[in-house]
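# for reference, the sequence and a predicted model appear below.
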Amino acid sequence: MYLNVFNGYEDDEINEILSKINFEEKKDLYIKLFKKTFGVNSELLPTLEEINIISKTDIKNFLFKSIYNQNSFTVLNHEFLLKIVEIIKINNFKKVVELGSGTSIFSKWLNVYLKKDNFEVDVIALDKHEEDYFDIKNFFFETKNYDAIKHMNEFQEKDILYILGWPSLDTPFAFNVLNNLKFNNKILYIGEQKGGCTADDKFFDNLKNFKILEIKNYKSFTCIHDQPYLISKNKED
Ligand SMILES: C[S@@+](CC[C@H](N)C(=O)[O-])C[C@H]1O[C@@H](n2cnc3c(N)ncnc32)[C@H](O)[C@@H]1O
């Protein structure tokens with residue numbers, strides 16, 4: 001377990017981090033968005049509308065995108081998290097396990113939104129950290145240093161929602177997660193389509209054997225084409 005959970009950046013730290021960027025426009029909105037997502041004092045995520053305004057101009061601000069990605073590959077917004085809580089309720093999931101959670105910022109916010117709703121669901125984050133994507137210094141949520149596939153096989157429970165955000169495309173990680181999915185459990189995949197920057201080809205080829213539901217209320221930055229999908233096994237499997 002990685003202890004010392006990081007509660008978020010202080011305002012002056014954020015100003016310092018983002019001071020390297022020569023914003024051409026909407027500087028205040030960029031800073032607000034970063035503070036709401038990664039700031040220590042934030043109680044709610046930025047809205048979809050705030051992300052939308054930025055996503056139209058951020059092509060000029062690639063540096064912002066790369067600093068954001070050091071903390072999260074998935075762009076988090078308020079309406080999207082409300083939607084995930086609704087999905088958890090409708091499906092009666094008893095547990096959420098984020099696989100390959102990176103900084104575990106998604107788990108942190110999911111836990112916040114579930115608690116706001118007084119909804120009791122365990123959230124677990126794990127990452128094996130074998131890949132050299134980034135040198136993670138800050139974990140926003142308690143994170144188990146463990147292999148995702150081992151976990152799926154050792155804890156064969158029902159009614160689990162697995163979060164699989166931005167799995168790497170150069171390893172069979174996403175394919176193995178899909179292959180180990182049990183009936184009654186589902187995967188929330190957040191990533192690009194085949195040929196994009198996430199998951200290997202075998203993952204997409206195998207998807208035809210699963211039920212896929214596209215989830216709305218999500219928006220990424222310009223030139224990024226990720227989208228959330230809820231994946232489940234067909235009944236006859
Ligand atoms: C591109 S990062 C995405 C991180 C995070 N989900 C996000 O959206 O910001 C992929 C992560 O998957 C992790 N990973 C890859 N294979 C794994 C495995 N078998 N078990 C657990 N984590 C794994 C890597 O260490 C890395 O942190």
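Alright, I've got the coordinates. Residues are numbered from 1 along each chain as shown.

# near the ligand, which residues of the chain? Just list them.
Taking CB under 6 Å from any ligand atom as the measure of proximity, the chain contacts the ligand at 72-74, 99-102, 126-131, 133, 147-149, 165-168, 173. (Glycine included, C-beta is placed from N, CA and C.)

# if we use 5 Å, what do you get?
Within reach of the ligand by CB under 5 Å from any ligand atom, the chain has these residues: 72-74, 100, 102, 127-129, 131, 133, 147-148, 165-166, 173.

# report the lowest-confidence entry in those residues.
pLDDT across those is lowest for Tyr133, at 56.

# can I get stretch 187-205 in PDB, CA atoms only?
This file holds the C-alpha atoms of stretch 187-205, laid out as PDB (Å, rounded to 0.1, in the frame of the first residue of the first chain):
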ATOM      1  CA  ILE A 187     -15.700  -2.600 -16.700                       C
ATOM      2  CA  LEU A 188     -15.900   1.100 -17.200                       C
ATOM      3  CA  TYR A 189     -13.300   1.600 -19.900                       C
ATOM      4  CA  ILE A 190     -12.200   5.200 -20.600                       C
ATOM      5  CA  GLY A 191     -10.000   5.300 -23.600                       C
ATOM      6  CA  GLU A 192      -9.700   5.800 -27.300                       C
ATOM      7  CA  GLN A 193     -10.800   3.500 -30.100                       C
ATOM      8  CA  LYS A 194      -8.700   0.900 -32.000                       C
ATOM      9  CA  GLY A 195      -5.700   2.500 -33.500                       C
ATOM     10  CA  GLY A 196      -5.700   5.300 -30.800                       C
ATOM     11  CA  CYS A 197      -3.500   5.700 -27.800                       C
ATOM     12  CA  THR A 198      -5.000   3.200 -25.400                       C
ATOM     13  CA  ALA A 199      -5.300  -0.600 -25.200                       C
ATOM     14  CA  ASP A 200      -3.900  -3.100 -27.600                       C
ATOM     15  CA  ASP A 201      -5.600  -4.400 -30.800                       C
ATOM     16  CA  LYS A 202      -6.400  -7.700 -29.200                       C
ATOM     17  CA  PHE A 203      -8.600  -5.900 -26.600                       C
ATOM     18  CA  PHE A 204     -10.700  -4.200 -29.400                       C
ATOM     19  CA  ASP A 205     -10.900  -7.400 -31.500                       C
END
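
# tell me which residues of that stretch are tucked away?
Buried residues in stretch 187-205, counted by 16 or more other CB atoms under 10 Å: 187-192, 198-200, 203-204.

# and stretch 63-72, by the same measure?
Buried residues in stretch 63-72 (16+ other CB under 10 Å): 64-65, 67-72.

# please parse the protein into its domains.
Listed domain ranges for the chain are 11-69, 78-233 (source: automatic domain parsing).

# quick one, which of the ones you listed is packed in tightest?
Highest mean neighbour count of the domains of the chain: domain 78-233, a mean of 18 (counted as mean count of other CB atoms under 10 Å).

# name the residues that touch the helix or strand Ser66 falls within?
For Ser66, the host element (DSSP states H and E) is helix 62-69. For helix 62-69, contacts defined as CB atoms under 8 Å, 6 or more residues apart in numbering pick out 17-18, 20-21, 23, 30, 34, 37, 58, 75, 134, 221, 224.

# in TSV: these, plus distance to Ile215, pLDDT and secondary structure.
Shown next, in TSV, are the contacts of helix 62-69 (distance: CB to CB, whole Å; pLDDT from 0 to 100; DSSP: H, G, I helix; E, B strand; the rest coil):
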residue	distance to Ile215	pLDDT	secondary structure
Ile17	30	94	helix
Leu18	30	94	helix
Lys20	34	86	coil
Ile21	30	88	coil
Phe23	31	83	coil
Tyr30	25	93	helix
Phe34	24	97	helix
Thr37	19	98	helix
Asp58	22	63	helix
Val75	14	96	coil
Phe134	26	55	coil
Phe221	18	87	coil
Ile224	16	87	coil
